[in-house]
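K.L.:
got a sequence here, can you build the structure:
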Amino acid sequence: MGVLRVDRLSKAFGVETLFKEVSFELRRGEKAGLIGGNGAGKTTLLRCLLGREKADDGSVLLPPGETISYVEQDAQLGEGTLYEELCSAYQEVIAWQADLRRLEQDIAAEQDGAAQETLMAAYSRTLERFEQGGGYEYESRVRRVAFGLGFTEEDFSRPLTTFSGGQKTRIFLARALIRQPDFLFLDEPTNHLDIGMVEWLEDYLTSYSGGVLIISHDRYFLDRVVDRIFELEHQSVTVYKANYTGYLAQKAERTASLAGAYAKQQAHIARTEEYIRRYKAGIKAKQARGRQSQLDRLERIILPGHEARFDYFAFNPPTECGERVAELLEATAAYGSRVVFEKVSLLIRRGDGVALVGPNGAGKTTLLKLLTGELPVAGGRVKLGSRVKIGYFSQEHEGLNPLNRVLDEIMLEYGLGEERARHYLGAFLFTGDDVFKIIGDLSGGEKARLAFLKLMLTGANFLILDEPTNHLDIPAKEAVEEAICAFPGTFFAVSHDRYFLDKVANCVVELTDGALTEYAGNYSYYREKKAAEQSGPTVQPVKPDKNEKPAAKKTERTRRPQDTERLARKLEEEIAGLEAELKVLEIQLNDPASHTDPAVSHELSARYSEAEAALAAKYEEWMELQSYT
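P.N.:
Numbering: from 1, shown residues only. Got it, this is the predicted structure:
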């Protein structure tokens, strides 16, 4: 079994040490998550493993012949179309395929028996390489990965230059998955994926036969995919044999055990130092010197530094508002002549924590803009309750002054003294000299934390949040989660962070196919209810109070999720069977003996054409089925 071994690896930039004497193993078939705060050195460690960054010390051992693929966020795409780019992982296979076609023509044209035998031997060798390289499966694999990551048949012929930045990131990911290396390194692979794509990726990686090392802040993703956690913290890596939730439990036990050992050692040190102080000049001076020597040799237990965590502070207390905080009453949203959704209804009550989910392009951000008034309704009404004050968190953070220092931004806008402002900033992980940074120089995650802190200080009683945990590392996400859990008002959030939604939401609203459906629980409850649906949704679409006239538009579903999955599996089996049949027919067609009888040759050609047509039809049916998932 292939094993990637990392032994005592160290790396520093100038006087700053990122990690030292890091050692671990990753075996084929294992899935490991590499976690740690922003700036801890995770990406640098990955680059050292790949040899793209030179380590200062230590070694990385990869078995001969084993391959590694790495999804780079800033990699360059080649020229040509999407299909050509994805098939580039099989350049040798495609070359062998071309050789086979050429050899077939040469065999058919050659009249000399000895020369024909030589050509047939070359054909046999090339065919063996083609088969071993996955020649009969590569096209179906390219399609399966591309479709799973949200690309369509029409996208295959598009030039690479026409894809957006987020789509290009997905192309990098698809290219790495298609190559099926022995070890796969992924750096934030769920960026730019909607929840459906992330769940497809989870299933794909779970069944992946190679070793996988993933840098990710997506805790739900780590829970579902990995069986080991490598935590890079305080310049070293600690290995936990668990998924993310198991890691939390193991780390808590380890920390408690370490704290107990530390307390015992400190007590021993205090007793020894007291003995030395008392007897160093007396009759027991020799024993005192001996104990001093023992104390000097003692390996001290060092407790890890505590990360800054959210500490509840008194928000500007939000004013009490009406029971009915916000309502959409048969609302229609449109940009010019393009209708995003129409006649949807929704009621948000005081104290609710509502999560809005749905596929990319369904109109989630548009719905937020209706609630904030940024986009006027094209039909119906949007109604806010009495004494409702909205606080809006956008992904662009327009409310930050890029010229201000972090500390000044809080002190000046809210009239706070430095001590109070520092207290608030510390709750959102701005400590020490961080508060003197210029806002324009902050990272995306730092800007998000500062914008969220400002939002909590506005006194708003209804928070509207558009991807509030984007760009945040895990400690910062936890700070935001604890702040929201302590918030005494109402919030409505769009997020792809399922762990975050599980922790803070008590209601999930799904926007799909232009309709809203409510699930009265967190994200895990929503998933369970979706999986358990029988002939249609078991919950009614969101609608206002029964005394209100407008009613929600019902979601029509004629296919159950489990039916869709069963049909997909059946189609995939049929596709695999047709591909195998085509393989056998192709071998027969390439055999010169098959062409001695014209009737047999004609029958083989007809069967091959029929199988090709059937395969194309099955692919089309499979693609159509994906639109229901």
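K.L.:
low-confidence bits of this structure, can you list those?
P.N.:
1, 72-76, 303-316, 534-571, 573, 580, 589-596, 598, 601, 624-629 (pLDDT under 70).
K.L.:
center of the protein - which residue?
P.N.:
Centroid check for the chain by Cα atoms, centre = their mean gives Thr190 as the closest residue, at 2.3 Å.
K.L.:
that one contacts Leu201, correct?
P.N.:
Yes. Contact criterion Cβ atoms under 8 Å: Thr190 and Leu201 qualify, at 7.1 Å. The C-beta positions use only the backbone N, C-alpha and C, and glycine is treated the same way.
K.L.:
overlap in contacts, these two.
P.N.:
Common neighbours of Thr190 and Leu201 (criterion: Cβ atoms under 8 Å, 6 or more residues apart in numbering): Phe221.
K.L.:
would you map the helices across the stretch 151-300 of the chain?
P.N.:
165-179, 195-206, 219-225, 244-279, 285-297 (DSSP state H, counting those that start in this stretch).
K.L.:
and these as TSV, adding mean neighbour count?
P.N.:
Below are the helices of the stretch 151-300 of the chain laid out as TSV (neighbours: other Cβ atoms under 10 Å):
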stretch	mean neighbour count
helix 165-179	19
helix 195-206	18
helix 219-225	23
helix 244-279	13
helix 285-297	12
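K.L.:
can you lay out these as a markdown table showing distance to Gln395?
P.N.:
Below are these laid out as a markdown table (distance: least, Cβ to Cβ, whole Å):
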| stretch | distance to Gln395 |
| --- | --- |
| helix 165-179 | 13 |
| helix 195-206 | 17 |
| helix 219-225 | 20 |
| helix 244-279 | 25 |
| helix 285-297 | 55 |
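K.L.:
closest one to Arg28 among those?
P.N.:
Closest approach to Arg28 among the helices of the stretch 151-300 of the chain (Cβ to Cβ): helix 195-206, 13.6 Å.
K.L.:
hmm, back to that, residues contacting the residue nearest to the centre of the chain?
P.N.:
Contacts of Thr190 (Cβ under 8 Å, 6+ apart): 198, 201, 216, 218, 221, 496.
K.L.:
measure the third one to Phe183 for me?
P.N.:
With the distance defined as Cβ to Cβ, to the nearest Å, Ser216 ends up 16 Å from Phe183.
K.L.:
same check on the last one?
P.N.:
Distance of His496 to Phe183, computed by Cβ to Cβ: 27 Å.
K.L.:
coming back round to it: from the contacts of Thr190, which single one is nearest Arg179?
P.N.:
Among the contacts of Thr190, Leu201 lies closest to Arg179 (Cβ to Cβ), at 15.4 Å.
K.L.:
ranges for the helices of the stretch 1-150 of the chain?
P.N.:
Under DSSP H, counting those that start in this stretch, the stretch 1-150 of the chain gives helices at 42-50, 82-87, 91-109, 113-132, 138-148.
K.L.:
as TSV, those helices with mean neighbour count would be great.
P.N.:
What follows is the helices of the stretch 1-150 of the chain, written out as TSV (neighbours: other Cβ under 10 Å):
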stretch	mean neighbour count
helix 42-50	20
helix 82-87	20
helix 91-109	15
helix 113-132	14
helix 138-148	19
